[in-house]
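Visitor: Whatever this is, show me its structure:
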Amino acid sequence: MNIKNTSLTLLAALAFSLSACNSSDGGGNLTAANNKDTPADPTSSGSTSGSSQKQVIDYTLGKAMNARIGKGINMGNTFDATCESCWGGGPVELSQVQAIAAAGFNSIRLPVRWDLEAENEAPYTIAPEYLARVKEVVGWINAAGLVAIINMHHHQSFLNDVANPEAEVKNQKPNLENAEKHLARIDAIWSQIAAYFADVPNEKLVFELFNEPRGGVSADLHNQMIARTYPIIRATNPGRTIMYGCNDYNAYTGIRSLKLPADGNIIFTPHYYVPAQYALQGENYNCPETITTWEGTTAEINSMQEDFDKMVRLADELYPGGLPINIGEFGATECGGIPSRVKWVKQFVKQAKSHNISWNYWGFTNVGGYEIFDKELGTWSDTETLNALLK
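Guide: This is a model prediction of the structure:
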């Protein structure tokens, strides 16, 4: 079964570097793209790691939406799969959305894969029935009183287009010969998404630009994507909150190579699976012989708190004004045991609350060992983790 479709080895290395680093800037041993290689963009805040002056932004609108997102969950392995039911998480059902609302969540992040549903040549038309189906589910989410987040997930045609596919992902270089076509296709896809969902009230729907850029989507190309799609989205959705992740699989240190628009209605959305040797172990129902647990020791708690402190401090240094943060994915497999997962989740929720960070747990059902809902029975299969998230 396919699950999050991430490189466990690379993500583990990234997450470990976040946890192990002691430098004051969020540090880690991650290699961020050099910002001097990114063309200047008039929509950028100029808040790069090399900037001597940083524009202070009023993030009141972004913070208000972040508060509405609050405590959320991902309905993964549905629209992000090769078909809605192909990876076991779908199809999304109205009763499931209602169960999420009844449990006390505030939002649902709905990962969506568009590259299989859009034409490969201009004008890159998205299948109308696919757009309609995604909008139907967004309607269910909103009718249940929840905020919906839709993104561009698993855009493999761009992510996998590299000049040196034999290299490890962290060392892969984008295939620049095809970059313009990829960017033009993303421009067209987001133009259609933005227009199609423009009538959904701003307080009920958030757009997330691109999930976990890496490989063929270098930091430079990701910044170009941001600069190009920002005015496209704003043309039809002037009041819509837009979320932006970053390179290095959305590890928060990737913000150092990010160039965000000077717009107060945006949210930064990193992911958190730390420590990787615990959180990611045995995903896809393949637990290792040697199990790692998380016991909530003083050292473990301090390490997580340091991560959150660094995350907020780095965002504030690069984007003064209080850039809102939503951790769009976090979770731990069942391999370490439910008691261990409960301890980890409780501490995560505590840290997120104290740092004014919203979140969306990965994940809901049939997501490779992270799930807390039984799709077949239609009930919460792990009420202990559910309570740790919401109580």
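
Visitor: so where's the stretch 151-300 of the chain uncertain?
Guide: Judged by pLDDT under 70, the stretch 151-300 of the chain has no weakly predicted residues.

Visitor: pretty sure S191 is touching R228, no?
Guide: No. Shown here, S191 and R228 do not form a contact pair, counting by CB atoms under 8 Å, at 10.4 Å. C-beta: built from backbone N, CA, C; applies to glycine.

Visitor: how about the strands of the stretch 51-200 of the chain, start to end?
Guide: Secondary structure of the stretch 51-200 of the chain (DSSP state E, counting those that start in this stretch): strands at 71-74, 107-110, 147-151.

Visitor: Comparing these, which comes out most buried?
Guide: Counting by mean count of other CB atoms under 10 Å, strand 107-110 has the highest mean neighbour count of the strands of the stretch 51-200 of the chain, with a mean of 28.

Visitor: Name the residues that touch it?
Guide: 68-75, 78-79, 92, 97, 100, 134, 137-138, 141, 146-151, 208, 328-329, 358, 360 (CB atoms under 8 Å, 6 or more residues apart in numbering).

Visitor: Distance from the chain centre to it, please.
Guide: 11 Å (CA atoms, centre = their mean, to the nearest Å).

Visitor: List the contacts of K135.
Guide: Y196, F197, V200.

Visitor: Among these, which are located in helices?
Guide: With helices taken from DSSP state H, the overlap with the contacts of K135 comprises Y196.

Visitor: Need the contacts of K135 in a markdown table (columns: neighbour count and distance to P261).
Guide: Below are these laid out as a markdown table (neighbours: other CB atoms under 10 Å; distance: CB to CB, whole Å):
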| residue | neighbour count | distance to P261 |
| --- | --- | --- |
| Y196 | 16 | 22 |
| F197 | 19 | 19 |
| V200 | 17 | 21 |
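
Visitor: Pipe the contacts of K135 into a markdown table and attach distance to V312 per row.
Guide: Shown next, in a markdown table, are the contacts of K135 (distance: CB to CB, whole Å):
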| residue | distance to V312 |
| --- | --- |
| Y196 | 35 |
| F197 | 30 |
| V200 | 30 |
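
Visitor: quick check, nearest of the contacts of K135 to P275?
Guide: Proximity of the contacts of K135 to P275 (CB to CB) peaks at F197, which lies at 37.2 Å.

Visitor: Excluding chain neighbours, what is closest to that closest one?
Guide: With sequence-adjacent residues excluded and distances taken as CB to CB, 6 or more residues apart in numbering, F197 is closest to L205, at 6.2 Å.
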